[in-house]
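# Dropping a prediction and its sequence here:
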Amino acid sequence: MSGLARLSQRLTQGAAVLLLLALLACVVLGVVSRAVNRPVPWTDEMAQHLLVWTGFVGWMIAARRRSHIRITVFIDRLPRAARLAMELAIQACVIVLALALLWYSPALIRRNLDIEWVSLPISAALLYIPMPLAALALLVEALTEMRDAMRGRLAEPETGAQPL
């Protein structure tokens with residue numbers, strides 16, 4: 001792994017930790033403030049936004065680790081050449097999704113620049129900023145997976161897996 005990729009991975013993982021801690025703190029603050037009958041009004045909205053950001057960062061980490069859920073019961077039964085074709089088709093679909101996110105997210109961010117949160121004077125565009133970042137990460141990972149598949153590094157089907 002290159003130094004830039006390692007730095008990117010560490011920054012993404014650090015962001016995930018910080019977002020999860022902020023989300024936890026926000027939820028705890030909301031619960032405690034309600035318990036003492038002095039609710040802090042912005043905690044619910046902040047928690048919702050932090051959850052969205054955490055989801056996007058988690059998506060980037062899962063894409064990098066190749067740990068997204070895959071149901072491979074049919075693909076695993078195909079011959080190697082057909083599995084390669086399916087993997088390339090799947091990654092092509094992921095690339096289309098990433099490109100759609102890259103195409104539409106800047107407009108979505110711009111449309112929400114002048115809209116404020118209900119509970120705080122913060123731009124609603126902040127919610128959508130991770131979309132192009134996640135799309136770029138997804139695009140890079142899908143292209144990497146395609147390259148690896150073409151070089152013969154196609155994941156072999158699991159044998160002896162326990163049924164659910």
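That came through fine.
# and stretch 8-17, which residues are buried?
Applying a neighbour-count criterion of 16 or more other CB atoms under 10 Å, one finds Ser8, Thr12, Ala15, Ala16 buried in stretch 8-17. C-beta coordinates here come from the backbone N, C-alpha and C atoms, glycine included.
# so what does the helix or strand hosting Leu29 touch, helix or strand wise?
Taking DSSP states H and E as the definition, one finds Leu29 inside helix 3-35. Helix 3-35 is packed against helix 43-65, with contacts defined by 3 or more CB pairs under 8 Å, 6 or more residues apart in numbering; DSSP states H and E.
# Which of the residues in the helix it packs on are classified as buried?
Burial within helix 43-65, assessed by neighbour count using 16+ other CB under 10 Å, is assigned to 43-47, 49-50, 52-54, 56-57, 59-61, 63-64.
# going on from that helix, what's the next piece of helix or strand?
Following the chain from helix 43-65 toward its C-terminal end, the next helix or strand by DSSP H and E is helix 80-111.
# Relative to the whole chain's centre, how far out is that next one?
Relative to the centre of its chain, helix 80-111 is centred 13 Å away, using CA atoms, centre = their mean, to the nearest Å.
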